[in-house]
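Q: Need a 3D model of the sequence below.
(chains A, B, C and D)
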2 protein chains.
Amino acid sequence: MTEAPLQEIKADPSITDRVRDSIREAIIDGRLAPGSLHSVQSLASSFGVSRTPVREALIDLEGKGMVEFERNRGVRILQTSIHDLEEILALRILLEVPAAHRAAEQATEETAAALSDELQAMRRAARDRDEVTMMAHDRRFHEIINEASGNSRLAAYVDDLRDLILTRGVSTVGRSRDLPAIVREHEAILAAIESNDSAAAAKAMKDHLVNTSSLLLRQESDAAGTEPNVRWAELVIG
Amino acid sequence: MTEAPLQEIKADPSITDRVRDSIREAIIDGRLAPGSLHSVQSLASSFGVSRTPVREALIDLEGKGMVEFERNRGVRILQTSIHDLEEILALRILLEVPAAHRAAEQATEETAAALSDELQAMRRAARDRDEVTMMAHDRRFHEIINEASGNSRLAAYVDDLRDLILTRGVSTVGRSRDLPAIVREHEAILAAIESNDSAAAAKAMKDHLVNTSSLLLRQESDAAGTEPNVRWAELVIG
DNA sequence: ATGTAGCCGGTAGCATGTTACTTGCTGGAG
DNA sequence: CTCCAGCAAGTAACATGCTACCGGCTACAT
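A: Sure, this is the predicted structure:
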């Protein structure tokens, strides 16, 4: 006979897990400056733990391309270059547009409702000019779609890629465009998914990502040459 | 004035690096059986090193989805499930078909020559019925194309995905189809790239990957239901 | 002033010690 | 025979010890 658990077991995140999250946050918000060099020892004492979990967390982050060990020197905080940004955004287009297509085919009531919730939260954040909250719900919105595609690896990989974008310390928003415009693009995506119109969902997602990419790359490089990411975008449906 | 180096410096791969490669090989060729549980201590003594580099190597492999730590129990060798296989093959189609398109646009003499070399080696291996050598050159062939697309992250990610496929211990070849057929598919890809016909390159790559996927999934699941990976394939050009 | 040999502090990489926990086993109670 | 408490073995996670090596600094030679 199987008993229902009285209480959900607490996952007991390890010290390594917590340190990894802390370091990732610190990199994203710039407290660990791109290009700067740090020793495992100094990080460990600032967290009040031993060197081992810090080192293990850094090995993880090295695998995701956020830091790099330099033998006998320290660990370098990496900055994603313009070229990295182009690669990452191209990958997002290649993966998320088909994912939106598949998600629209298979979307259930629950996923549509969850997306609607996130969109509502984005509207509120847009009204309040709260860019940080906006970004968080934007991220969750995309994550739900990617998971609804049925390909969990795709969702996880895109999520990792987004951390790398943040490593530049840029907001997707940018000065030139306002938050309501972004909300509108997501509304189009949601509408297509709700009506199970997969072709429209793909097109809406593609438009959104191409817009975001162009804006981001122009904002970062300002010497706006030809944008190679639109050439990748030509290679997906929608 | 810059001097030419008298001798190429040897990169001095760390113990961790060598252990990681050894463990990966052992997983792929089945010496570390899928689902089996091992202690860091036992692995360390079998390699004749201390526990630290072994643990660090395993953390790397955990990030790539090949193993999983179980607290106070050991480290579990993971087997990629049928569903994992579907996800991975879908990702390869999504990424490698556009990559072939871009590679054909930008291909130089050198890349075409390198591809030709690999293809030649594949022909020899096919004639000798040497499946292992065949696979190695097949892998390198795809890697060259992916790198020629200009997106190094894409190439690196696809390479990681291929390790996961091998974790099932399957050969791409299968009993049902012969090596020369595979060579022919690659010949079509190379021909398109040599003539800078990007649309044809994408189509050839798509055909090749869809064929390989179908074969692999049928061989593994043998209860061949509808194959969801062809539904992903509909979403890319070619 | 300039170049440089050698010292020295600091570091990652690796080895080893410690701890809390999980699990299989065993033996005794019912 | 069945059940389970408690013991013992083994483990990952974490802490700490050790070492070769890198690079900046200094001070001396030219």
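
Q: From here on, just use CA atoms for contacts and neighbour counts.
A: OK.

Q: can you list the domain ranges for chain A.
A: Domain assignment for chain A, taken from automatic domain parsing, gives A:15-77, A:82-233.

Q: Show me which residues of chain A are close to DNA strand C?
A: Contacts of chain A with DNA strand C, taken as Cα under 7 Å from any atom of the strand, map to A:38-42, A:52, A:69-75.

Q: and the nearest residue to residue A:53 once chain neighbours are set aside, how far is that from residue A:56?
A: Nearest non-adjacent residue to residue A:53, counting by Cα to Cα, 6 or more residues apart in numbering or on different chains: residue A:16, 4.6 Å away. Counting by Cα to Cα, to the nearest Å, the gap from residue A:16 to residue A:56 is 7 Å.

Q: any idea which element the residue positioned nearest the centre of chain A lies in?
A: Computing the C-alpha centroid of chain A and ranking residues by Cα atoms, centre = their mean puts residue A:162 first, at 2.7 Å. Using DSSP states H and E, residue A:162 maps to helix A:152-166.

Q: Can you work out which other helices and strands pack against that helix?
A: helix A:82-106, helix A:131-148, helix B:82-106 (3 or more Cα pairs under 8 Å, 6 or more residues apart in numbering or on different chains; DSSP states H and E).

Q: at 7 Å what do you get?
A: Here helix A:152-166 touches helix A:82-106, helix A:131-148, going by 3 or more Cα pairs under 7 Å, 6 or more residues apart in numbering or on different chains; DSSP states H and E.

Q: ranking the ones you listed by burial, who's on top?
A: helix A:82-106 (a mean of 23; mean count of other Cα atoms under 10 Å in any protein chain shown).

Q: C-alpha coordinates for the helix or strand following that helix, PDB please?
A: Counting by DSSP H and E, the next helix or strand C-terminal to helix A:82-106 is helix A:109-127. Extracted in PDB, the C-alpha atoms of helix A:109-127 (Å, rounded to 0.1, in the frame of the first residue of the first chain):
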ATOM      1  CA  GLU A 109      -5.900  24.300 -22.100                       C
ATOM      2  CA  GLU A 110      -3.400  24.400 -19.300                       C
ATOM      3  CA  THR A 111      -0.500  25.600 -21.400                       C
ATOM      4  CA  ALA A 112      -2.700  28.300 -23.000                       C
ATOM      5  CA  ALA A 113      -3.800  29.400 -19.500                       C
ATOM      6  CA  ALA A 114      -0.300  29.500 -18.200                       C
ATOM      7  CA  LEU A 115       0.800  31.600 -21.200                       C
ATOM      8  CA  SER A 116      -2.100  33.900 -20.600                       C
ATOM      9  CA  ASP A 117      -1.000  34.400 -17.000                       C
ATOM     10  CA  GLU A 118       2.500  35.300 -18.000                       C
ATOM     11  CA  LEU A 119       1.200  37.700 -20.600                       C
ATOM     12  CA  GLN A 120      -1.000  39.400 -18.100                       C
ATOM     13  CA  ALA A 121       2.000  39.800 -15.800                       C
ATOM     14  CA  MET A 122       3.900  41.300 -18.700                       C
ATOM     15  CA  ARG A 123       1.200  43.800 -19.300                       C
ATOM     16  CA  ARG A 124       1.300  44.900 -15.700                       C
ATOM     17  CA  ALA A 125       5.000  45.200 -15.800                       C
ATOM     18  CA  ALA A 126       4.900  47.200 -19.000                       C
ATOM     19  CA  ARG A 127       2.400  49.600 -17.500                       C
END
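
Q: which residues are contacting helix A:109-127?
A: A:131, A:133, A:134, A:137, A:141, A:179, A:180, A:183, A:194 (Cα atoms under 7 Å, 6 or more residues apart in numbering or on different chains).

Q: The same query, at a cut-off of 8 Å, please.
A: The contact list for helix A:109-127 (Cα atoms under 8 Å, 6 or more residues apart in numbering or on different chains) reads A:131, A:133-134, A:137-138, A:140-141, A:144-145, A:148, A:179-180, A:183, A:186-187, A:190, A:193-194.

Q: what does stretch A:129-148 give?
A: Contacts for stretch A:129-148 (Cα under 8 Å, 6+ apart): A:96, A:99-100, A:102-103, A:106-107, A:111, A:114-115, A:118-119, A:121-122, A:125-126, A:152, A:154-155, A:159, A:172-173, A:179.

Q: swap the cut-off to 6 Å and go again
A: Residues outside stretch A:129-148 that contact it (Cα atoms under 6 Å, 6 or more residues apart in numbering or on different chains): A:99, A:103, A:115, A:118, A:122, A:125, A:155.

Q: So which residues on chain A come close to DNA strand D?
A: So far as Cα under 7 Å from any atom of the strand goes, chain A lies against DNA strand D at A:14, A:15, A:16, A:49, A:50, A:51, A:52, A:53, A:71, A:72, A:73.

Q: Can you tell me which of those residues is nearest residue A:204?
A: Nearest to residue A:204 among the residues of chain A next to DNA strand D, counting by Cα to Cα, is residue A:16 at 39.5 Å.

Q: Mind telling me what element that closest one is part of?
A: Assigned by DSSP H and E, residue A:16 falls within helix A:15-28.

Q: From the chain's centroid, how far away is stretch A:150-159?
A: 11 Å (Cα atoms, centre = their mean, to the nearest Å).

Q: Could I get the CA-only coordinates of it as CSV?
A: Only the C-alpha atoms of stretch A:150-159 are listed here, as CSV (Å, rounded to 0.1, in the frame of the first residue of the first chain):
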residue,chain,number,x,y,z
GLY,A,150,7.6,18.3,-26.5
ASN,A,151,11.3,18.6,-26.8
SER,A,152,12.7,19.2,-23.3
ARG,A,153,16.3,19.4,-24.4
LEU,A,154,15.4,22.2,-26.7
ALA,A,155,13.8,24.1,-23.9
ALA,A,156,16.8,23.6,-21.6
TYR,A,157,19.3,24.6,-24.2
VAL,A,158,17.5,27.8,-25.1
ASP,A,159,17.3,28.7,-21.4
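
Q: Show me which positions of that stretch end up buried.
A: Going by neighbour count (16 or more other Cα atoms under 10 Å in any protein chain shown), the buried part of stretch A:150-159 is A:150, A:151, A:154, A:155, A:158, A:159.

Q: repeat for stretch A:45-58
A: For stretch A:45-58, the neighbour count (16+ other Cα under 10 Å) marks A:51, A:53, A:54, A:55, A:56, A:57, A:58 as buried.

Q: what is the mean pLDDT for the strand or helix carrying the last one?
A: With elements delineated by DSSP H and E, residue A:58 resides in helix A:51-63, which encompasses its position. The predicted model gives helix A:51-63 an average pLDDT of 97.

Q: Now do it: which elements does it pack against?
A: helix A:15-28 (3 or more Cα pairs under 6 Å, 6 or more residues apart in numbering or on different chains; DSSP states H and E).
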